[in-house]
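[1] Here is the input, now give the coordinates:
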Amino acid sequence: MSIFSIITILIVLSAGFAFINTKFLKLPFTIGLMIIAIGFVAIITLLGSFNHFILDEAKLLIQSIDFETALLDVMLSFLLFAGALHTKLDALKSQKAPIALFATMGVVLSTFLVGTMMFYVFILFDHEVNYIYCLLFGALISPTDPIAVLGILKEANAPKKLEIKIVGESLFNDGVGVVVFLVIFQIAKQGIGAVDASEVGILFLEEVVGGIALGLISGWLAFQVMKVIDHYETEVIITLALVMGLSALAHILHVSGPLAVVVAGIFIGNKSPKIAWSETTHNYVDKFWELIDVLLNAVLFVLIGLEIFVITLTKEYLLLGLIAIPVALFARYLALAGPIAIFDKRLDFIPKTNLIMTWGGIRGGISIALALSLEPQMERELFLTVTYVIVVFSIIGQGLTIGSLVKKVLASYSTKDSTHSKI
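    Numbering: from 1, shown residues only. A predicted model of the protein is given here:
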């Protein structure tokens, strides 16, 4: 099947599912699309029991899509840039210290906690897995996805300082999480003895520092170019070229593309509206990237729902996936506890910040894409199923309830405040 045919089918399905959700289900956009996609898979599977041709063609379509490449090499940069473009630097600066710790030490600590706990869970089920492969799983499941939770937090009227922590952490921990995964992946492939500790440190620094530096330089150059013109069509194209050029250049230079795109997006989004863009250009750039964001999110979450066709659904794998849900949540809670305790008093965190950030840390397509990149000997089928179970629960279960959790915590906080003021 040609690339054009695949893209056409995905866009048509996304449009149809979006209509059904908007007209009938009225669920948060991305969550509704994924639920409908899973329902669509169930219908195709049922029809396939009567006519194998339908089921075989559906599986062939999904198997012909390289989800890992589609997300990590194509979609991710556009989605991260669109999110970073609307992230206000002033708000980010005030929370930069905890966000930095959440996105770095939080990801690393979560990786080791999840990996270690799952190592012993597998032993309990007489399914021993090499510890380094468990760490790979910890690395791929630790990054959180800002996309699905953003709209829900806004609907819940979450305080800005809470929203910026969750979104800021997610924007940066995607890049850091991918770097941690790549480092552990290299160790798993070559063996611990073949990889020197200094090599690991240098690789990590190259990817992270190199990605941030590349993003700053490229964002500054694009800003300078846009500053000397006033032509909204050209400036929209420049932002598009920036994202695509950055992704390609980061790959050549072996630095983190996601981090480069996020840094460039934050730089452009905060500097350009005040200096380089006219009001017309600002409106067009905003609308363009909003459309890109919505379109790619629609396709991504439909793809996540359809990926069930290529998952190995055995009872053992599903049970291990269900056990991994509380393991991943508990690891995230512990990983966030340290930074929150350090900055709690100084930055006046709202009550139960750890609980809200743990439940609001939704896993998404990045985790599935990284699981798909594992090699067969790395327990790829097991980890792919376990990852899929966590992601589905995270998007549907956590995504649909985070809003009510935020409202409940804020209501409780308001009640206490009013009681204290009366006293």
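
[2] Pull the distance from the host helix or strand of Gln186 to the chain's centre.
    With secondary structure defined by DSSP states H and E, Gln186 is part of helix 160-190. Relative to its chain's centre, helix 160-190 lies at 9 Å (Cα atoms, centre = their mean, to the nearest Å).

[3] same for the helix or strand that comes right after that helix, what does it pack against?
    Following helix 160-190 in sequence order, the next helix or strand is helix 197-227 (DSSP H and E). If contacts are counted by 3 or more Cβ pairs under 8 Å, 6 or more residues apart in numbering; DSSP states H and E, helix 197-227 sits against helix 160-190, helix 232-253, helix 257-275. Just so you know, the C-beta spots here come from the backbone N, C-alpha and C atoms, and that holds for glycine as well.

[4] need these in a markdown table with mean neighbour count, can you?
    Formatted as a markdown table, these follow (neighbours: other Cβ atoms under 10 Å):
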| stretch | mean neighbour count |
| --- | --- |
| helix 160-190 | 22 |
| helix 232-253 | 17 |
| helix 257-275 | 24 |
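
[5] Out of those, the one nearest Glu316 is which?
    Among these, helix 160-190 comes nearest to Glu316, with 22.6 Å by Cβ to Cβ.

[6] Just want the angle from the closest one to helix 257-275.
    Interaxial angle, helix 160-190 versus helix 257-275 (axes from the mean of the first three to the mean of the last three Cα atoms, to 10 degrees): 150 degrees.

[7] top helix in the protein by residue count?
    Ranked by residue count, the top helix of the chain under DSSP state H comes out as helix 315-347.

[8] Could you tell me the angle between the direction of that helix and that of helix 160-190?
    Helix 315-347 runs at 130 degrees relative to helix 160-190, counting by the same axes, to 10 degrees.

[9] lowest average confidence, helix or strand, in this structure?
    helix 146-155 (a mean of 61; mean pLDDT, DSSP states H and E).

[10] Could you tell me the model confidence score at the spatially most central residue of the chain?
    Among the residues of the chain, the one closest to the centroid is Asp145, at 2.7 Å (Cα atoms, centre = their mean). Asp145 is assigned 76 on the pLDDT scale.

[11] Point out where the stretch 51-200 of the chain drops to low pLDDT.
    Applying pLDDT under 70 to the stretch 51-200 of the chain picks out residues 146-157, 193-194.

[12] ok, residues contacting stretch 327-347?
    With Cβ atoms under 8 Å, 6 or more residues apart in numbering as the test, stretch 327-347 has contacts from 94-95, 97-98, 101-102, 105-107, 109-110, 113-114, 117-118, 121, 138, 141-142, 144, 161, 349, 353-355, 357-359, 361, 363, 390.

[13] wait, what's in contact with the nearest residue in space to Leu13 that is not next to it in sequence?
    Using Cβ to Cβ, 6 or more residues apart in numbering and skipping the chain neighbours, the partner closest in space to Leu13 is Val302 (5.5 Å). Listed by Cβ under 8 Å, 6+ apart, the contact set of Val302 reads 10, 13-14, 17, 33-34, 37.

[14] Distance-wise, check Val302 relative to Val107.
    28 Å (Cβ to Cβ, to the nearest Å).

[15] Columns distance to Leu334 on top of the helices and strands packed on helix 197-227, output as CSV?
    Formatted as CSV, the helices and strands packed on helix 197-227 follow (distance: least, Cβ to Cβ, whole Å):
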stretch, distance to Leu334
helix 160-190, 15
helix 232-253, 32
helix 257-275, 25
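
[16] Relative to Leu306, which of these is closest?
    Minimum separation from Leu306 across the helices and strands packed on helix 197-227 (Cβ to Cβ) falls at helix 160-190, 22.1 Å.

[17] now that closest one and helix 197-227, what's the angle there?
    For helix 160-190 against helix 197-227, the angle by the same axes, to 10 degrees is 130 degrees.

[18] what's the following helix or strand after the strand or helix carrying Lys59?
    Element membership for Lys59, per DSSP H and E: helix 52-63. From helix 52-63 onward toward the C-terminus, using DSSP H and E, the following helix or strand is helix 67-68.

[19] count of neighbours near the closest residue to Leu182 other than its chain neighbours?
    The shortest distance from Leu182 to any non-neighbouring residue, by Cβ to Cβ, 6+ apart, is to Glu207 (7.2 Å). Around Glu207 there are 25 other residues, counting by other Cβ atoms under 10 Å.

[20] List the residues that contact Asp293.
    The contact partners of Asp293, taken as Cβ under 8 Å, 6+ apart, are 78-79, 82-83.
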